[in-house]
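1. got a predicted model here, sequence first, then my questions.
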Amino acid sequence: MSLARLVVTAVRIEGRTKAEVSRDYGVSPRWVYELVRRFDAEGEAGLEPRSRRPGSSPHRTASALEDEIVELRKELLDQGLDAGAHTIAVHLSRRHGTTPSIATIWRVLSRRGFVTPQPQKRPKSSFIRFEAEMPNERWQADITHWRLADDTEVEILNVIDDHSRFLVASDARVVFKATDVVASFHGAAATHGFPSSLLTDNGAVFTGAPRKGRCALELETAALGIRFVHSRPYHPQTCGKVERFHQTEKKWLAKQPAPTSVSELQAHLDTFAAYYNTVRPHRAIGRRTPAEAFTARPKAAPSGLGVAVPPHYRVRRDKIDITGVITLRHNSRLHHIGLGRRLVGTRVLVLVDGLRVRVLTEDGELIRELTVDPTRDYQPHGRA
C-alpha cells in the first residue's frame, strides 16, 4: 500500500482528522488535504503520482529555434562536417549574433534523439596535450590513403601547423615519391613560410634511417636549418594532430561524389581545405578557425634561416636532355646547367633559391648543388 492510500484510508475510513494524520505520518498538512480532495473527486485514480512539471515554461527554448538546431545538425552531418553542440552554437552565433548555451543545444539534440551516449570514451582529463606556442613552430606531416571511384588506391599528404591546426598542405598523388614530398613541402612554405621544425612518422619518404642514410626531405630540411623530428616507431599518438585531421578529412570526403581521378580528388581536397581553414570552428583552439589562430601571433622561423622566403624561390620538374644539361631562366636570361651525359633522360626536381640551385633525382638523391654564375650561359659540370 502506498503512503497516499494509507493517508486517505486513515482520514476516510478511520475518521481521523487531517492534522492528526499529517502529524503521525510526518507529511505536509497541505499534501494530506490535496490527497483527500483528489480522492473525493476522482476515486483511486486521484491517488496516482502526478507529474511535477509546471503548466507553462516561459523560458523554454522556442520551437523554431529547436527546429533550427536540428536542421543545422542534419545539414552538417550530411556534409560530413563536425556537428557537435559547440559547432552548432558557433553557427547560430554567426547567424543571429547570439546563441543558447551549449547545455541547451545538447539537451535539444538529446531530446530529439541525435545524441548517442558513448561511455567507453576516455575522459578528456586523462589526456596530456602538447601544443606549440607559435605558428610555424612545428608542422606535423603524414600520408594517408583514399580510393577513387574505380577502387584505385591513392595517397594524400597532409601537413598541419601544430599551434593553430592550420592546414598548410593537402596534396594527392597515386604514390608519393621522395621528391613529391619535397615539392609539397616547398609549395606550402612558399605560401606560409618555413617552419622551425617538422614532425613526421618513420615512413620511407620521411626518413632514410632504416637504409642507413638520409631521404630527400631530411637533406632539404637540414640545408634550410629546419629541425626534423620523427615519432617513436609504432606510436602514432605523437603525430596525433595530423592523424586526427585525417579522420576529419575522410569523413567529409565520404559524403562527396567519388572522384574519378587524382586531379578530381585534389579539387575535393582544395575545397575542404578552404572550409576547414576559414569557416569550421575548431574545438582545440577555442572555437576559432585555424586561419584566425594562424594569423593571431608572430610566426616562428628556422633557427638557421631567419629570413622570409625570397619571391624568386621556386620548385620545378625537368628532364635532362641529350646533351646532359637542364635549362634554367634567371632575370630573363637562360642558363644551361651541366649534369653529365650519363644521366640523359633522367627526370629531376630542381630547387631554386635565387642563384642557389639544387638538383635531385626523383628518388631524392642529390645530383648537383651550385651557385649559378649570372655572367655565363653555361654552368659546366663540377663548377661550384
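-> Cool, got the structure. Just so we're clear, the structure is a prediction, and the values are computed from it rather than from any experiment.
2. which element is the closest residue to residue 77 other than its chain neighbours on?
-> The shortest distance from residue 77 to any residue other than its chain neighbours is 4.8 Å, reached at residue 83 (Cβ to Cβ, 6 or more residues apart in numbering). To be clear about C-beta, it is placed using only N, CA and C from the backbone, and glycine gets the same treatment. Under DSSP states H and E, no helix or strand contains residue 83.
3. who's in contact with the residue positioned nearest the centre of the chain?
-> With the centre of the chain defined as its mean C-alpha position, the nearest residue by Cα atoms, centre = their mean is residue 245, 3.6 Å away. For residue 245, the contacting residues are 158, 160, 165, 167, taking Cβ atoms under 8 Å, 6 or more residues apart in numbering as the criterion.
4. bridging residues for the last one?
-> Residues in a beta bridge with residue 167, per DSSP bridges, are residue 160.
5. could you chop this structure up by domain?
-> Domains of the chain are assigned by automatic domain parsing as 3-47, 63-118, 139-273, 313-379.
6. adding distance to residue 284 and mean pLDDT, write those domains out as JSON lines.
-> Conversion of the domains of the chain to JSON lines gives the following (distance: least, Cβ to Cβ, whole Å; pLDDT from 0 to 100):
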{"stretch": "domain 3-47", "distance to residue 284": "52", "mean pLDDT": "85"}
{"stretch": "domain 63-118", "distance to residue 284": "11", "mean pLDDT": "88"}
{"stretch": "domain 139-273", "distance to residue 284": "6", "mean pLDDT": "92"}
{"stretch": "domain 313-379", "distance to residue 284": "31", "mean pLDDT": "87"}
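7. make TSV from the ones you listed and add distance to residue 282 to it.
-> Compiled in TSV, these are given as follows (distance: least, Cβ to Cβ, whole Å):
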stretch	distance to residue 282
domain 3-47	53
domain 63-118	9
domain 139-273	5
domain 313-379	30
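8. ok, which pair from the contacts of residue 245 is furthest apart?
-> 158 and 165 (11.3 Å; Cβ to Cβ).
9. so between those two, which is more surrounded?
-> Counting neighbours by other Cβ atoms under 10 Å for residue 158 and for residue 165 shows that residue 165 has the greater number, 26 against 23.
10. returning to that earlier point: correct me, but the residue nearest to residue 77 touches residue 76?
-> Yes: in terms of Cβ atoms under 8 Å, residue 83 counts as a neighbour of residue 76; the distance is 3.7 Å.
11. and residue 384, what's its pLDDT?
-> For residue 384, the model assigns a pLDDT of 41.
12. let's number from 30 now, not from 1
-> Renumbered: residue one is now 30, and that last one reads residue 413.
13. what ranges do the strands span in the stretch 30-179 of the chain?
-> Taking DSSP state E, counting those that start in this stretch to define them, one finds strands in the stretch 30-179 of the chain at 168-176.
14. so where do the helices sit in it?
-> If DSSP state H, counting those that start in this stretch is used as the criterion, the helices of the stretch 30-179 of the chain fall at 32-41, 47-54, 58-71, 92-107, 114-125, 131-140.
15. for residue 292, which of these is the nearest?
-> The nearest among the helices of the stretch 30-179 of the chain, by Cβ to Cβ, is helix 92-107 at 25.5 Å.
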